[in-house]
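In: With the sequence up front, the predicted model follows.
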Amino acid sequence: MFLSQALSLMPRRALLEGPTPIQRLHRIEDALGLSSNGVRIYAKRDDLMSLGGGGNKLRKLEFLLGDAVAAGADTIIATGGRQSNFARLAAATAARLGLACELVLAPLVPRGGDEYDRNGNILLDDLFGARIHNLPAGVDPTLFAQDRFEELRLTGHTAYMATLGGSSPVGSLGYATCALEIETQSNDLGIDFSAVVVPNGSSGTQAGLVAGYRALGLDTTRVRSHSVLAPPASAISTTVERANAALTLLGFEASLSSNDVNLSGDQLGPGYGISTSAMVEAVRLMASREGLLLDPVYGGKAFAGLLADISAGRYAAGDDVLFIMTGGTPGLYAYATDFLDAVH
Ligand SMILES: *Cc1c(COP(=O)(O)O)cnc(C)c1O
């Protein structure tokens, strides 16, 4: 079976307007000058979607909501960190589809204050009408969500659990679809991308792309990620596991092993949601040279990783490299001090 056919059999609610654009980042290339080593840099604008501010989680939610509606759900329960982009987009999607939404948010990042607790995604979650459960440290969000699921069931509701940043096998199908979309665009543009660069958090984005490329019979290591959450060995095994689960769901052989996953841990820094100076510089470069926004937790670190890879000579002159902009820009407002107080 072909990947496109296999995907078309899966329940899905359309949340995107169509393929997201690919644009060349000429001004970044110029800014790098000789140190660009003649590499051509492109951005795929997965931050450009109309619903809820957009971002990579909407691709996952297309399939998660398809699954939820097929299961007769009237409520979506999403879990994540306080500034979770997944939670924000689950809330926006529920608003669009007329479902209730409960967000179970945990303090995964050592930050606080009004900037972090009342701005960015948290503000938007509230505007989208979600019921927010702000958990204190030490309460397990998955167990809390399961309790809410049960309470809702006892009052006659059907909830759908969307955990792990939406990186379940079903959610990962969003990026298997994106692999197909990139291949189509690549043929139309006549550009053979030697690398597709993404952040890796809960791994569903890379897992979906890797599953998609394997199903298309293409080299999966062209998908290069920069881990922003787990140490490399564990991020690789999670990615392999999720990619194989996505392949199984689509009716393909679960044939991937750790050699098929290309991942770097170089940009993680002190940990998830903790700023690094390379991230601050990368966000500033993209904003000041292209007028485009990256987020501090994911895209900023991944773009810093791409810049480091280019200057280390990982890519050859004439290579075309595609960076996927995954959205998450509301997070900038929760990290204002890290930019304004950084020495620059
Ligand atoms: C969640 C997220 C990612 C990471 O995707 P995973 O599938 O969790 O690895 C990247 N960028 C943004 C903006 C995100 O919100």
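Out: Noted; the coordinates are in hand.

In: For the rest of this, base every contact and every neighbour count on C-alpha atoms.
Out: OK.

In: partner residues bridging the closest residue to residue 131 other than its chain neighbours?
Out: Among residues not flanking residue 131 along the chain, residue 102 sits closest, at 4.7 Å (CA to CA, 6 or more residues apart in numbering). Counting by DSSP bridges, residue 102 is bridged to residue 77, residue 131.

In: what's the burial count for residue 102?
Out: Neighbourhood size, residue 102 [other CA atoms under 10 Å]: 25.

In: Likewise for residue 289?
Out: 15.

In: for the residue nearest to residue 131, what are its contacts?
Out: By CA atoms under 8 Å, 6 or more residues apart in numbering, residue 102 lies in contact with 75-78, 91, 130-133.

In: Residue 227 and residue 271 touch, don't they?
Out: No: Residue 227 sits out of contact with residue 271 when judged by CA atoms under 8 Å, with a separation of 9.8 Å.

In: Looking at these two, which has the bigger crowd around it?
Out: Set residue 227 next to residue 271 and count neighbours by other CA under 10 Å: residue 227 wins out with 30 against 17.

In: Give me the phi and psi angles of that one.
Out: Main-chain dihedrals, residue 227, degrees, to the nearest 10: phi -70, psi 140.

In: ok, now which ones touch it?
Out: 199-201, 235, 263-268, 302.

In: which residues does it bridge with?
Out: Residues in beta-bridge contact with residue 227 (DSSP bridges): residue 200.

In: got the residues of this structure near the ligand?
Out: Residues of the chain lying close to the ligand by CA under 6 Å from any ligand atom are 85, 165, 167, 199-205, 298-299, 326-328.

In: Of those residues, which belong to strands?
Out: Judged by DSSP state E, the residues of the chain next to the ligand include 199-200 as members of strands.

In: thinking again about what came up before, turn the contacts of residue 227 into CSV, columns for neighbour count and pLDDT.
Out: Shown next, in CSV, are those (neighbours: other CA atoms under 10 Å; pLDDT from 0 to 100):
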residue, neighbour count, pLDDT
199, 29, 98
200, 28, 98
201, 22, 98
235, 24, 98
263, 23, 98
264, 22, 98
265, 18, 98
266, 16, 98
267, 25, 98
268, 25, 98
302, 33, 99
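
In: Quick check: nearest residue in space to residue 257, chain neighbours excluded?
Out: Nearest non-adjacent residue to residue 257, counting by CA to CA, 6+ apart: residue 240, 6.0 Å away.

In: could you measure that neighbour against the ligand, distance?
Out: 12 Å (CA to the nearest ligand atom, to the nearest Å).

In: what secondary structure does that residue sit in?
Out: Per DSSP: H, G, I helix; E, B strand; the rest coil, the local secondary structure of residue 240 is helix.

In: for residue 303, same thing?
Out: Recorded secondary structure, residue 303: helix (three-state DSSP).

In: how many neighbours does it have?
Out: Quick note: residue 303 (other CA under 10 Å) scores 27 neighbours.

In: That one and residue 281 touch, don't they?
Out: No: taking contacts as CA under 8 Å, residue 303 lies outside contact range of residue 281: 9.8 Å.

In: hmm, back to that, just the buried members of the contacts of residue 102?
Out: For the contacts of residue 102, a burial check counting by 16 or more other CA atoms under 10 Å picks out 75-78, 91, 130, 132-133.

In: List the buried residues of whichever helix in the chain runs longest.
Out: Criterion DSSP state H: the longest helix present in the chain is helix 169-189. By neighbour count on 16+ other CA under 10 Å, the buried set for helix 169-189 is 169-183, 185.

In: which residue packs closest to the residue sitting nearest the centre point of the chain, ignoring adjacent ones?
Out: Nearest to the geometric centre of the chain sits residue 56, at 4.3 Å (CA atoms, centre = their mean). Of all residues not flanking residue 56 in the chain, residue 326 sits nearest, at 4.9 Å (CA to CA, 6+ apart).

In: Just want the residue of the stretch 1-150 of the chain that's nearest the ligand.
Out: Nearest to the ligand in the stretch 1-150 of the chain, going by CA to the nearest ligand atom, is residue 85, at a distance of 4.6 Å.

In: how many neighbours does that residue have?
Out: 29.

In: which residues does the residue lying closest to it once chain neighbours are set aside contact?
Out: Closest residue to residue 85 apart from its sequence neighbours, by CA to CA, 6+ apart: residue 328 at 5.9 Å. By CA under 8 Å, 6+ apart, the contact list for residue 328 reads 47, 54-55, 85, 294-295, 298-299.

In: with those residues in mind, which one is nearest to residue 255?
Out: residue 298 (28.1 Å; CA to CA).

In: For that closest one, which non-adjacent residue is closest in space?
Out: Per CA to CA, 6+ apart, closest to residue 298 is residue 199, 5.6 Å.

In: Just confirm the one you found contacts residue 230, I think it does.
Out: No: with contact defined as CA under 8 Å, residue 199 does not count as touching residue 230 (11.4 Å).
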